[in-house]
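Participant: I would like to see how this sequence folds:
(one chain, ligands or ions: 1)
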Amino acid sequence: MVKARAWLQRETASSLVEQELFDPADLSDAPATADMLQTVARQLLNKRQIIVFTGAGISTAAGISCFQGPYNANPQARMMLEAFQLNNFENDFWTFITELRQQCKGKRPTVFHRMIDGFSQRQQLKWTFTQNIDGLERLCGHLGDKVTYLHGRLDQLRCTKNAAHKTAFEAPNGVYGECPVCIELKTEPPGDSGDIVKPRRSSRIRDQVGRLRPDIVLYGEDTPEADSIGEQIRNMKLAPQADALIIAGTSMTIAAARNAVETLKAGLSEGSEVFWVNLQRVPKSIEHLIDVPLLTSTERFGNAVLDMWRQQSTAV
Ligand SMILES: [Zn+2]
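Facilitator: Now for the predicted structure:
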């Protein structure tokens, strides 16, 4: 009840409608029981194609805590972005980003990651979208290219001139200057007439050499990928065969994320279900999208699914 009152106070509108919505007996506010998890795990056995949409919560069990919430909300990150924009490539910005990279290095996929990987192995995974930049999905053996990193990946750097130029981020090596792909092209300029005098050519090409930056979305940056995510998802034509969407470990506070799951839900096949797996209740903004709210940790949920697979394999 204390929680209920606090919630009402927070939601300052406190209209009659909202009070009605918040019924203390509301099951969606009770932690998921073992029975509920088992039932859902059994339901998932029969799903043809599953889409998984994840956030920071699925990586906390791996010991990655620095990305709680959108990491961009970190005030230090905001400051560092300013440094980056001022072309201060050398010091604080890279110290900060390198620290983040170091925190992710050596971390292993969680039970929930293993569950997603298992769906793929069982030919049940349609796609996975993650807001995480830790790249733990890359350490799963069966995901292949069925992953979209909505906020980019911390394990690689990209070129400021050409986003297709990627370089592994092997922190710390301390040299994050010019883009090696550009430099390679500079050494062997493609098909130009050979009669350009050398000094002129080098200055022209120097203009074309980009600098390295993290391949992630930074605070305050335009995020065309995220803003147009609905369109991207429609173009991927994922949904027609998909009959389940699992939204896990994300608070869904970012508008682009809501847009993404709305698009996904709209395209699911008849009789499909949307599952919510989180320690927090479903936010009101997406309540209409959720069929099965499960208040639980993503690890507990993952374990229930893995247990069901074990039971199934021993029963055969
Ligand atoms: Zn480049």
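Participant: those helices in the chain, which residues are they?
Facilitator: For the chain, applying DSSP state H gives helices covering 2-10, 16-21, 34-45, 75-85, 92-104, 111-121, 180-187, 198-208, 224-227, 229-236, 255-267, 298-315.
Participant: Any idea how many residues pack against the nearest residue to residue 132 once chain neighbours are set aside?
Facilitator: Leaving aside its sequence neighbours, residue 132 sits nearest to residue 59 (Cβ to Cβ, 6 or more residues apart in numbering; 5.5 Å). Any C-beta I mention is one placed from the backbone N, CA and C, and that applies to glycine too. If you count neighbours by other Cβ atoms under 10 Å, residue 59 ends up with 29.
Participant: again, but for the one 3 residues further on
Facilitator: Burial of residue 62, expressed as a neighbour count using other Cβ under 10 Å, amounts to 21.
Participant: Near the ion, which residues of the chain? Just list them.
Facilitator: 159, 162, 165, 179, 181, 182, 210 (Cβ under 5 Å from the ion).
Participant: hmm, back to that, quick one: the residue nearest to residue 132 and residue 131 touch, right?
Facilitator: No: checked against Cβ atoms under 8 Å, the pair residue 59 and residue 131 is beyond contact range at 10.2 Å.
Participant: residues in contact with the closest residue to the ion within the stretch 201-316 of the chain?
Facilitator: Nearest residue of the stretch 201-316 of the chain to the ion: residue 210, at 4.0 Å (Cβ to the ion). Counting by Cβ atoms under 8 Å, 6 or more residues apart in numbering, residue 210 makes contact with 159, 160, 161, 162, 165, 178, 179, 182.
Participant: Mind pulling the model confidence for the residue lying closest to it once chain neighbours are set aside?
Facilitator: With sequence-adjacent residues excluded and distances taken as Cβ to Cβ, 6+ apart, residue 210 is closest to residue 161, at 3.1 Å. Looking at residue 161, its pLDDT is 90.
Participant: Residue 207 is in contact with residue 161, correct?
Facilitator: No: counting by Cβ under 8 Å, residue 161 stays clear of residue 207, with 9.1 Å between them.
Participant: okay, the two: which has more neighbours?
Facilitator: Comparing residue 161 with residue 207 by other Cβ under 10 Å, the one with more neighbours is residue 161, at 16 against 8.
Participant: can you tell me how far the more buried one sits from residue 304?
Facilitator: Separation of residue 161 from residue 304 (Cβ to Cβ, to the nearest Å) stands at 48 Å.
Participant: same question, residue 183
Facilitator: Distance from residue 183 to residue 304, by Cβ to Cβ: 51 Å.
Participant: In terms of neighbours, single out the busier of these two.
Facilitator: residue 304 (23 against 13).
Participant: contacting residues for the more buried one?
Facilitator: Residue 304 is in contact with 34, 37, 38, 40, 41, counting by Cβ under 8 Å, 6+ apart.
Participant: For residue 137, see how far away it is.
Facilitator: 21 Å.
Participant: and if you look at residue 35?
Facilitator: Residue 35 is 30 Å from residue 137, where distance means Cβ to Cβ.
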